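In: Build me a model:
(one chain, ligands or ions: 1)
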Amino acid sequence: MTINLAWSGGVVMTTGDTVVRFDPQTKKNLNSLNFFSHSHQDHIGGLNLRSENYMTFGTKDILLFRENNGSERFNPLNYGDKTRVGELEIIAHNAGHILGSAQFEVRSPNMTVVYTGDINYRNMLTTKAADVIPCDVLILETTYGFPNYIFPSFGETCVDIVNWTLGRLTAGDLPIFQVYSTGKAQEIVKIFNDLTRIPVLVHPTVAKVNQAYEKNGVKLIYTRSNSEEGKELLKSKQCVFVGPIHYNSFPPQSYSLATATGWVLKYRSSKFSGAFPLSGHADFRQLVDYVKQVKPKQVFTIHGNQEYFAKYLSKKLGTRARPITSVEQKPLQEYL
Ligand SMILES: [Zn+2]
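Out: Below you'll find the predicted structure:
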């Protein structure tokens with residue numbers, strides 16, 4: 001049996017009459033079978049109610065709480081669940097990126113393909129490191145696939161976050177984190193919950209996603225900023241505030257801003273007095289380790305530093321690799 005691979009604003013695999021898309025970015029392709037790796041906006045652009053959409057329970061819960069979107073055409077999966085699509089079998093595995101993030105293993109009689117979505121290959125407080133799935137063909141996200149992106153240890157970054165916050169509180173400033181409201185915000189809340197006794201105040205947008213995490217067994221302790229209790233807490237300045245990245249209705253009292261993303265290793269805005277490389281993505285070293293563990297015959301890189309990382313794998317690891325955007329539609333067997 002032949003599987004054709006193509007890039008068309010998302011990964012497309014075709015075998016016989018069966019067309020499967022992974023993280024399609026447009027809604028043009030109706031009536032196909034769509035698999036969504038996680039709930040970040042840049043991965044769900046192709047969600048539409050005329051197609052069958054597959055995603056994990058965690059992803060479905062985030063869409064429900066964050067966007068009040070709980071369509072019956074969102075077919076929920078547990079990690080390990082097998083979905084039969086024509087002659088293919090598709091299995092969801094943990095990707096370690098945010099709640100519900102999945103890698104998809106595609107099994108056919110003659111090869112196994114893995115599409116990682118966004119992956120994180122180390123344990124954090126709200127997610128566990130991505131599973132390693134041996135395969136013939138690995139379609140790998142390479143957001144931080146450049147040697148400049150080496151993150152400090154998770155523990156070191158947590159200590160830096162807590163120390164900065166304590167310093168701001170001691171100085172009489174309200175510490176405010178401006179971070180992605182899905183994934184990063186919950187990790188920040190959990191860091192303060194588990195490592196300190198500092199009360200955590202969250203923006204309503206963050207609180208919506210928190211509910212999805214709590215439903216899936218991640219305990220988070222926080223107060224909504226729009227509640228009466230939250231307003232009192234804000235006035236007291238004896239708390240840390242966690243808001244979305246575009247939050248800009250700052251309170252009248254003095255405050256200090258922080259952000260947390262892997263991009264602070266490259267870009268630094270002067271508005272942030274705290275900038276922490278806390279990432280839900282694998283850094284360069286983790287990506288290399290991951291490929292060594294998986295041992296694929298062919299890698300297709302996707303996102304970010306896809307050109308550089310593909311060349312690195314070919315030259316340093318001797319693994320055949322190329323950016324997926326350079327793929328012309330042809331049978332995957334021809335790459336092996
Ligand atoms: Zn993501």
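In: Look through the protein and tell me its longest helix.
Out: Longest helix in the chain, counting residues (DSSP state H): helix 154-170.
In: now it: how far from the chain's centre is it?
Out: 23 Å (C-alpha atoms, centre = their mean, to the nearest Å).
In: Which stretches in this structure count as helices?
Out: 57-67, 154-170, 184-195, 204-215, 228-236, 284-294, 306-312.
In: list the helices and strands the fourth one packs on?
Out: For helix 204-215, the contact count by 3 or more C-beta pairs under 8 Å, 6 or more residues apart in numbering; DSSP states H and E identifies helix 57-67, helix 184-195, strand 240-244 as packing neighbours. For the C-beta atoms, the positions are set from N, CA and C on the backbone; glycine is no exception.
In: now the ones you listed in CSV, with distance to the ion, mean neighbour count and mean pLDDT?
Out: Output for those, formatted as CSV (distance: least, C-beta to the ion, whole Å; neighbours: other C-beta atoms under 10 Å; pLDDT from 0 to 100):
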stretch, distance to the ion, mean neighbour count, mean pLDDT
helix 57-67, 11, 21, 96
helix 184-195, 10, 23, 98
strand 240-244, 15, 25, 96
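In: one step back: what angle sits between the longest helix of the chain and helix 184-195?
Out: Calculated by axes from the mean of the first three to the mean of the last three C-alpha atoms, to 10 degrees, helix 154-170 forms an angle of 80 degrees with helix 184-195.
In: Buried residues of helix 154-170, list them for me.
Out: By neighbour count on 16 or more other C-beta atoms under 10 Å, the buried set for helix 154-170 is 154, 157-158, 160-162, 164-165, 168-169.
In: Kindly report the same for stretch 8-20.
Out: Counting neighbours by 16+ other C-beta under 10 Å, one finds that the buried residues in stretch 8-20 are 10-15, 19-20.
In: Make JSON lines from the helices of the chain and add distance to Pro134 to it.
Out: Listed next are the helices of the chain as JSON lines, based on distance: least, C-beta to C-beta, whole Å:
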{"stretch": "helix 57-67", "distance to Pro134": "24"}
{"stretch": "helix 154-170", "distance to Pro134": "26"}
{"stretch": "helix 184-195", "distance to Pro134": "29"}
{"stretch": "helix 204-215", "distance to Pro134": "30"}
{"stretch": "helix 228-236", "distance to Pro134": "48"}
{"stretch": "helix 284-294", "distance to Pro134": "6"}
{"stretch": "helix 306-312", "distance to Pro134": "20"}
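In: I'd like to know how far Phe151 sits from Leu201.
Out: 27 Å (C-beta to C-beta, to the nearest Å).
In: So for these two, which sits in the more crowded spot?
Out: Neighbour tally, Phe151 and Leu201, criterion other C-beta atoms under 10 Å: the higher count belongs to Leu201, 27 against 21.
In: Next one, pLDDT for the more buried one please.
Out: Here, the pLDDT recorded for Leu201 equals 97.
In: residues touching it, list them.
Out: Each residue near Leu201 by C-beta atoms under 8 Å, 6 or more residues apart in numbering is listed here: 222-225, 230, 233-234, 239-242.
In: Let me see the domain layout of the protein.
Out: 4-149+281-335, 154-276 (automatic domain parsing).
In: Close to the ion: what parts of the protein are there?
Out: 40, 118 (C-beta under 5 Å from the ion).
In: please redo it, this time with the cut-off set to 8 Å
Out: 37-38, 40, 42-43, 97-98, 101, 117-118, 183, 280-281 (C-beta under 8 Å from the ion).
In: Which one (most neighbours) among these?
Out: Ser101 (30 neighbours).
In: That one: what's it in contact with?
Out: Here Ser101 is in contact with 37-38, 56, 58-59, 94-95, 117-119, 127 (C-beta under 8 Å, 6+ apart).
In: Also compute the angle for the longest helix of the chain relative to strand 240-244, please.
Out: Using the same axes, to 10 degrees: helix 154-170 against strand 240-244 is 110 degrees.
In: where in the chain is pLDDT low?
Out: 29-31, 328-330, 336 (pLDDT under 70).
In: what's the spacing between the residue nearest the centre of it and Asp136?
Out: A centroid search over the chain (C-alpha atoms, centre = their mean) returns His97, at 3.8 Å, as the residue closest to the centre. Look at His97 and Asp136: by C-beta to C-beta, they are 23 Å apart.
In: before we move on, back to that, show me which of the contacts of Ser101 is closest to the ion.
Out: Asp118 (3.8 Å; C-beta to the ion).
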